[in-house]
Structures are given as structure tokens and as C-alpha cells.
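Asks: Sequence below, structure please.
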Amino acid sequence: MRGLVTKSTGSWYQVLGEDEQRYDCRIKGKFRTKGIKSTNPVAVGDWVHFEVEPDLESAVINELEPRRNYIIRKSVNLSKQTQIIGANLDQAFLVVTLASPPTSLGFIDRFLVTTEAYSIPAVLIFNKLDLFSEDGLAILQDYKSIYEHIGYPCYEVSALNGMNIDQLKDLLKDKTTLISGHSGVGKSTLINAIVPEYAVKTGDISDWSDKGKHTTTFAEMYDLPFGGKLIDTPGIRELGIVDIEKQELSHFFPEMRELMNQCRFDNCRHVNEPGCVVLEAVEAGEIESSRYDSYLSIYHNENNRM
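Replies: So this is what the prediction gives:
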């Protein structure tokens, strides 16, 4: 039978069969994606083929259909393990907070590079608007101007008091959307505001580091009552870039992509070469310095959150 993976706990997968029944499945054999060895060969959003076992209490996944796209991350700790956090997506939301916990520009840029690499439209959701001071609102406008200028839609919301949630519902309608962000940015509260009937568990910010606690420990897909599907993912502390060649990296920065083939040298790395139009654009303020810093950080494999 064919089915859609709606939940992943690591070793077991919940699959919605074409008969509208949900099956607890495990994997049989080895699955590979484009030579990438990931900790989870099957991800939420995957279409699979499975067989119900004779006892009828569980099933075995024996085939993975080709993916239209996916979002993958690499752990930056020593394990360097890769994990596919969602597959077959129409769009991806990154929930951003400027405090409690702060989301760095570098983290935003790494997420956007990952979505660009797999041609997944990305949207930035600035949450916790209810906590903003006047200074905070000014910083928020600075953040938004960086990303709106290069074509990324930005929305301001408060999951806690429901502000602008209807705007998100319009975006989500009839699409499969992955929602991601650091732990503690309010993803679960946001989902509860969008679909109160699901009552997703929420967690407090852990005081010692201002990092969120992981309340979502596995990825799960929710059916939206107004049409569409939403994939909730565990909070991400860091986002290592996977499977992108250095010479391709500038293609995934839209503002650099616009300048492609204009540098003096065809193999320009946009690092320190003479006649580099990207460096000239940075000097002229046409490319944000924070974006260029992110480019260099990823180019030099500096896998950090900043």
C-alpha cells in the first residue's frame, strides 16, 4: 500500500495509508538519498510503500518514492550526522525571535541557503511581537528590510495573543509547509494559535542559557482544517550546511545570484579577487554586510550559530 509519512520518532514512523488508516511502520532494508547518509532515511512528508505484517498491528516500509525536495541539516557537533527534517514541501516557515531566545542573522541565512538549494520558497515569521520595546521594534524593521529587499516575505505575529495569525492561515491554505526555528521561539504556541484543536505541547525558556527547551522531540505533520498540511519540527540549535559545493554557494544568495557572470574572473570565489562585483556591491552597501559575512562563514565551513 502507498502512504504518507506523518510522524517520525526515529525508529518508528506513522504512515497515513491511502485507505485513510494510520499505520505504525518500521523500515526494512537500507534507503539512500543521493548518496547522503542521514540518521533518518525516511522523513515526514515522504511518500512510501509499505506492507502490513501478518499480526496486523504494525507494517514495514519497503520503498521510498523519489522526493520532490527536502530540507536537510547537519549537526555541528563531532558526530556531523545529517538529518532530513521534512520532504516534499511547498514552502518553509522560519520562526524568528529577537530575544528569548535570540535568532542570529547567521542562523537565518543558513536556513535560507538550505531552502534555496532545494528550491523551497521560504517565509520569515517574526514572533513574540507582544514582547517588543520601541527599540526592539526598530531592530525588527532593520531585520525585515534586509530580507524583504532580497525577496523573502516577512510577517510579524504574536502567537500568544493571536496577532496576524489569519495572515498565516492564508499562506498555509492548501500547501504543505514545514515550520522550523530555534527551541523556544514559539513554534508550538504558533501552531496552537493556528489550529487550537491540536493543543501541541509548549515549553518554557530554560533560564540558564535563554535557549528553549525541546518540547517537540520528533517531527509531525498536522492536517489543517482549512486545507493544507503543516510539519512541526524539533527546535534546531544549529544548522550545518549539507551537500553544497563552495563554487555553488553564491547561487543560493539571491542578491549574489543576480550578479552572476559579471565578475572579471569566471571562477571568482567572491572572497578577495580583483574585479569582483559582489565585493563591490558589499562596499557600496548594495549587499548587506551581514549577508556577506554569512556567505564567508559558510564558505569557510565555520559551522556556528552566529
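Asks: residue contacts, the residue nearest the centre of the chain?
Replies: Taking C-alpha atoms, centre = their mean, the centroid of the chain lies closest to residue 180, which sits 4.7 Å from it. Applying C-beta atoms under 8 Å, 6 or more residues apart in numbering, we find residue 180 in contact with 71, 85, 92-95, 111, 187, 233, 236. In short, each C-beta sits where N, CA and C put it, glycine included.
Asks: Ramachandran coordinates for it?
Replies: Per-residue torsions, residue 180: phi -140, psi 170 (degrees, to the nearest 10).
Asks: I'd like the distance between it and residue 284.
Replies: Going from residue 180 to residue 284 by C-beta to C-beta, to the nearest Å gives 33 Å.
Asks: Same question for residue 302.
Replies: From residue 302 to residue 284 the distance is 25 Å (C-beta to C-beta).
Asks: what about residue 45, how many residues close to it?
Replies: Neighbours of residue 45 under the rule other C-beta atoms under 10 Å: 26.
Asks: typo on my end, residue 245
Replies: Neighbour number of residue 245 under other C-beta under 10 Å is 7.
Asks: Now do stretch 96-108, average pLDDT.
Replies: Model confidence over stretch 96-108, given as mean pLDDT, is 91.
Asks: With respect to residue 290, which of the contacts of residue 180 is nearest?
Replies: residue 111 (14.1 Å; C-beta to C-beta).
Asks: Among the contacts of residue 180, name the ones in strands.
Replies: Within the contacts of residue 180, residues falling in strands by DSSP state E are 71, 85, 92-95.
Asks: on that earlier part again, quick one, which of residue 302 and residue 284 is more surrounded?
Replies: residue 302 (12 against 9).
Asks: For that one, which three-state class applies?
Replies: At residue 302, secondary structure determined by DSSP: H, G, I helix; E, B strand; the rest coil is coil.
Asks: residues contacting the nearest residue to residue 90 once chain neighbours are set aside?
Replies: The shortest distance from residue 90 to any non-neighbouring residue, by C-beta to C-beta, 6 or more residues apart in numbering, is to residue 175 (3.9 Å). By C-beta under 8 Å, 6+ apart, residue 175 lies in contact with 90-91, 228-229.
Asks: Pick the one among the ones in strands among the contacts of residue 180 closest to residue 101.
Replies: Using C-beta to C-beta, residue 95 comes nearest to residue 101 of the ones in strands among the contacts of residue 180, at 11.1 Å.
Asks: Who is that closest one paired with across the strands?
Replies: residue 125 (DSSP bridges).
Asks: Tell me which residues touch it, please.
Replies: By C-beta under 8 Å, 6+ apart, the neighbours of residue 95 are 125, 127, 179-181, 185-187, 190.
Asks: between those residues, which is nearest residue 67?
Replies: When the contacts of residue 95 are compared against residue 67 (criterion: C-beta to C-beta), the nearest one is residue 180, at 17.3 Å.
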